[in-house]
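Engineer: sequence plus predicted model, see below.
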Amino acid sequence: MRFFTRSVKPEDLADDELVNSYRTNGDVAILGKLYERYMGLVYGVCLKYLKDEELAKDAVMGIFEELVTKVKQHDIKQFRAWLYVLSRNHCLMQLRAGKKMDIVVLDEFMEFTPILHPDTDSREETMQALERCMEKLIPAQKQSVTLFYLDEKCYKDIAELTGFTLNEVKSYIQNGKRNLKICLERNGEQ
């Protein structure tokens, strides 16, 4: 096994040599060099399973974080094949853990509302306040928030139903949620 000298660079070493070097030294930079070789492969696997560019990018970062410990724990014969399986399994676990990955239960979303706080008047008044605040949202936000939280549609479904892009859907939901929170807080203070 070769160890790094001034004349040998990490990019000149074979995968198994980088794996062994990382196991010996624990230098994350070495692992990073190895991972760089296969980031395109990992991203492709993640995109195939998750079917969303942003989720795939997040998964690529999450998989690297897993590598930091898993490379030391497993006997890796062929890093590329092992990484492919690890990437696939990571994505499958995400899909299993979140059949409703993009869906949030309305009560969780509305945790900031007076519904869940005992010192408020009544649930009826709170629901009326929520309805009034929903009416103040711009139409795209109102439609996206309604589809997401009340109809429990995922981003992709909302995009297909409305014609918005995925990024627009995410933005409308995020901004709509923020605007609802501000509106409800103002109503609570008055």
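Structural biologist: Yep, that arrived.
Engineer: and the spatially closest residue to residue 11 that is not a sequence neighbour, how many neighbours?
Structural biologist: Nearest non-adjacent residue to residue 11, counting by Cβ to Cβ, 6 or more residues apart in numbering: residue 33, 6.2 Å away. (Glycine included, C-beta is placed from N, CA and C.) Residue 33: 17 surrounding residues under other Cβ atoms under 10 Å.
Engineer: and for residue 30?
Structural biologist: The number of residues near residue 30, taken as other Cβ under 10 Å, comes to 21.
Engineer: again, but for residue 186
Structural biologist: 11.
Engineer: could you check how far it is from residue 132?
Structural biologist: Counting by Cβ to Cβ, to the nearest Å, the gap from residue 186 to residue 132 is 11 Å.
Engineer: and what of residue 154?
Structural biologist: Counting by Cβ to Cβ, the separation of residue 154 from residue 132 is 27 Å.
Engineer: so those two - more neighbours on which side?
Structural biologist: Applying other Cβ under 10 Å to residue 154 and residue 132 shows that residue 154 carries more neighbours, namely 18 against 12.
Engineer: quick check: residue 45 touching residue 85?
Structural biologist: No. Using Cβ atoms under 8 Å, residue 45 is not in contact with residue 85, being 9.5 Å away.
Engineer: which of these two has more residues huddled nearby?
Structural biologist: Ranked by neighbour count (other Cβ under 10 Å), residue 45 and residue 85 place residue 45 first, with 23 against 10.
Engineer: which SS class is the nearest residue to that one once chain neighbours are set aside?
Structural biologist: Leaving out its chain neighbours, the residue that sits closest to residue 45 by Cβ to Cβ, 6+ apart is residue 87, at 4.3 Å. With DSSP: H, G, I helix; E, B strand; the rest coil as the basis, residue 87 sits in helix.
Engineer: just to check, residue 87 is in contact with residue 46?
Structural biologist: Yes. Contact status for residue 87 versus residue 46: in contact at 6.4 Å, counting by Cβ under 8 Å.
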